[in-house]
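# requesting a structural model of the entry that follows:
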Amino acid sequence: MACFEDQILEYATGNLSEQEADRVRGHIKYCQKCHAYYLGLLKTEAELIAWNVSGSFGDAFDKDLIIACEERLEAKDIIHDILKPSLKYVYLALGLLAFFAVYRYALFNETAAVFSRIGSSQISLETEAKDLELYLEQRLIGEFREEEPDLCTLATLEMALNLPADEPAEQRMADLKYLLNETAAAARKRFFLFNALDGAFLAGEDVFRPKPSPVPSGKPGKEFLLAAAALESKEWDKAAELFKAVMQNPSCAEEGKAAAFRLAFVSDVTGDYAGADRLYSLLPEKYKGSVEALLAPEMKKFAQARRNYSSLVEIEAARIKRGKENASTYYIIGNEKMLHFDLDGAAEAYTRVILKFYGKNKRHSKINLAWCFMRKGDYKNAVDLYGNFRLINLDHRIYGDFGKSLAYARLGDIDRAREAISWEAKREYPGAYKVLAENYFQSKRSY
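I've put the predicted structure just below:
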């Protein structure tokens, strides 16, 4: 029989079958080499067992090891106890510094700060007011895209965009600044700690920000007026061509900055993101202190949102082809359509969500669809949809009250517009209610 050490090891540990054990046992009996190897294995096993059970070396070693570990742990606890109070203060200081950094970043990179600055700035009664309105509409659409939109911000922005056109210009600007400050306060509520810092930061901005140089006024030329009309009617190509011509030969500085701002917006909507970025970067450099310079970085964010949605829509379109669409599919498509001011396409997508699905996407789709109806002038459908908000939560009901009231005001039914505002809406959003009441209910002014 051939010698094989592996089988002998298995035999010594009792891991062989009875037949295999008989074969190895017979071999060991006649092979001196294998017999000696087997005895050595048995001796080693016996020594290991003795060490583990009652060997003085093993027992002493274990005790020494335990004692040494305990001493190390005690020493570590003493050091930690000495440093513990100071470490608490270090960690607290680092945490506060990190929080202040994040808070300041969030505050001044969100539109709360922009609203505050605009509310205290000098806005002309012509082009800058129109450019501000363009931004506010973008800001409103941006809120609609949020997972949890701030409904107070939505309500005050709606008021700002629906100030009556026949109001004296000075009064409209006063109302607009009041609403902007209300919106800024609502946006800052998201940062529920250290609200006192808001005033300090804003005061610092007022002290250290360079004062805007006065911009010479002047009546806009014919090309600028034609471009503005093309923008209002969403004739993007015509508007772009005319605004480019105005930029090359503006009749005044005010016309030049407005043309650059609006051309950047048109470039953004039509997918020329590089052109939009270039113009938005140019405005703060060339027209410091102007409203357009202040708004340009914020408008640039909406350009980025359009880029992001373009790629998302491609993914969702492929999902539809595979028959795997869901509520978010049509909600994303609706948002993308609204970003490009395709209100009919947006309304169709939101309607699909409402008819086919449930959950938060359905609730948000109702809000967005109601706004599409308002923007398209379909006030009767807007009234019906805003009325359905009473079936959702308090914030949605209150926002629905404001929306329904505005829709009735647009229809000229002032009595119903007044009745639509609940005591909850008056209590929660007094600023928006004040402007609404002053403009529609008291004077019974209609569109």
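
# what's the neighbour count on Arg397?
Residues lying near Arg397 (other CB atoms under 10 Å) number 19. C-beta: built from backbone N, CA, C; applies to glycine.

# which sections of this structure are below the confidence cut-off?
Counting by pLDDT under 70, the chain shows low-confidence ranges at 1-2, 4, 45-126, 147-148, 184-220, 390-392, 442-447.

# could you list the domains of it?
Using automatic domain parsing, the domains assigned to the chain come out as 5-53, 110-129+136-209, 213-288+290-298, 300-441.

# return the distance of the longest one from the chain's centre.
Taking CA atoms, centre = their mean, to the nearest Å, the mean C-alpha location of domain 300-441 is offset from the chain mean by 18 Å.

# so how far is Ser422 from the nearest residue to Gly403 once chain neighbours are set aside?
Nearest residue to Gly403, sequence neighbours excluded (CB to CB, 6 or more residues apart in numbering): Tyr386, at 4.0 Å. Going from Tyr386 to Ser422 by CB to CB, to the nearest Å gives 12 Å.

# in terms of neighbours, single out the busier of these two.
Ranked by neighbour count (other CB under 10 Å), Tyr386 and Ser422 place Tyr386 first, with 28 against 17.

# name the element Leu132 belongs to?
Using DSSP states H and E, Leu132 maps to helix 127-145.

# which residues does that helix contact?
For helix 127-145, contacts defined as CB atoms under 8 Å, 6 or more residues apart in numbering pick out 111, 118, 123, 149-150, 153-154, 157-158, 160-161, 172-173, 176, 220, 228, 254-255, 258, 261-262, 265, 290-292, 295, 298-299, 301-302, 305, 335, 338-339, 364, 367-368, 371.

# who's in contact with Leu406?
The contact partners of Leu406, by CB under 8 Å, 6+ apart, come to Glu158, Met159, Asn162, Met374, Ala417, Leu436.

# the fifth one and Phe402 touch, don't they?
No: with the criterion set as CB atoms under 8 Å, Ala417 and Phe402 do not qualify as a contacting pair; they are 10.3 Å apart.

# the two: who's more crowded?
For Ala417 versus Phe402, the count of surrounding residues by other CB under 10 Å is larger for Phe402: 27 against 24.

# quick check: that one vs Tyr440, distance?
The gap separating Phe402 from Tyr440 is 12 Å, by CB to CB.

# ok, Ala409 - how many residues close by?
Residues near Ala409, counting by other CB under 10 Å: 25.

# and for the one 4 residues further on?
With neighbours defined by other CB under 10 Å, the count for Asp413 comes to 16.

# quick check: it vs Asn162, distance?
For Asp413, the distance to Asn162 equals 15 Å [CB to CB].

# same check on Glu316?
The gap separating Glu316 from Asn162 is 32 Å, by CB to CB.

# and if you look at Glu128?
Distance, Glu128 to Asn162, by CB to CB: 19 Å.

# okay, those two: which has more neighbours?
With neighbours defined as other CB under 10 Å, Glu128 and Asn162 compare such that Glu128 has more, 24 against 19.
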